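Visitor: Here is a sequence with its predicted model. Questions after.
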Amino acid sequence: MRVLVADADEWRREALVAVLAAEPDLEPCPPAATVGEVISTPGVDVVLLHGGLDRGHGPIDVVRAMRVARGPVWVVLTDDVDLTDEVITAGAHGCLAASSTPVQIGAAIRAAARGDVAEIDQPTTGPLVQRVRREVPPLTDREVEVLRLVAAGLGNQEIAERLYLSLSSVKSHLSHTYGRLGVRRREAAAAEARRQGLI
C-alpha cells in the first residue's frame, strides 16, 4: 500500500518516511511539503499528514480542502490532541497524537486503507483515534549509542566490536529499545529514535 507523508517540516518528513519504510507492507512515496506535491503524486492510497503544509494551512484546512471522491484517505498526526474531533469532522479517516508509536501509526494507516473511518464518539484510543499523548520512557546512554550505530548501517557484530560489548549485550540493548519505542525491528527502532530526536 502506497503511503505519502505530507509535512512542511523536512526533518519530520524524512523521519516518518524512515519509520514507514521499516514496515514490509507499506511503501512510502517521495514525501510532500506542499499541497501541490500531494496533488501531483499519483497512486497514493493513504496520506499521512503531520502538521500543516505550505501557505500556512493547518491540518484541518488541508484535510477539508483535499477531500475528493476516489482520492487517497487521510490520517493525521497532531501535537494538539484537542483537535481530534475537528480533524475527523473535516474528513480525515483517523487522527493520532504525534507521539503515537510506529505500530499505532501503521495500524491506523492499514485501517484507513481498508475503509475504516474514525467516529467522533470513539473511545480515547483505537486504531484510528489516539487522543492520549504517549510518554516515552527514556533510553539509556548505551541504548542511544547502539541505535546511532544501527542508524549508521552497522550490524550487531560490528556494533559489539566497536562498543566492546558481547553480541548478546547488543541484542539485549536493542530488545529493550523495541518496547520503549513501540517497534518490532532494529531499522524501525533507529528510525523512531530519529523521529523522536533521540539520535
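Guide: Perfect, thanks for sending it. Residues are numbered from 1 along each chain as shown.

Visitor: mind listing the strands for this protein?
Guide: 2-6, 27-28, 46-50, 73-78, 94-97, 129-130 (DSSP state E).

Visitor: what bits of the protein have low per-residue confidence?
Guide: 55-57, 68-70, 119-137 (pLDDT under 70).

Visitor: phi, psi of the most far-flung residue of it relative to its centre?
Guide: Centroid-distance maximum for the chain: residue 164 at 32.8 Å, with C-alpha atoms, centre = their mean. Note on residue 164: backbone dihedrals following degrees, to the nearest 10 are phi 60, psi 50.

Visitor: How much space separates it from residue 1?
Guide: 42 Å (C-beta to C-beta, to the nearest Å). From N, CA and C alone the C-beta is placed, and that goes for glycine too.

Visitor: likewise residue 97?
Guide: 22 Å.

Visitor: try residue 171
Guide: Distance from residue 171 to residue 1, by C-beta to C-beta: 31 Å.

Visitor: Please apply the same query to residue 115.
Guide: 12 Å.

Visitor: So which of the two has more stuff around it?
Guide: residue 1 (14 against 8; other C-beta atoms under 10 Å).

Visitor: quick one, what contacts the more buried one?
Guide: Residue 1 sits next to 25-27, 45-46, 109-110, 113 when contact means C-beta atoms under 8 Å, 6 or more residues apart in numbering.

Visitor: can you count the residues close to residue 11?
Guide: Neighbour tally, residue 11, other C-beta under 10 Å: 11.

Visitor: Kindly report the same for residue 182.
Guide: The burial count for residue 182: 18, using other C-beta under 10 Å.

Visitor: again, but for residue 150
Guide: Residue 150, neighbours per other C-beta under 10 Å, totals 24.
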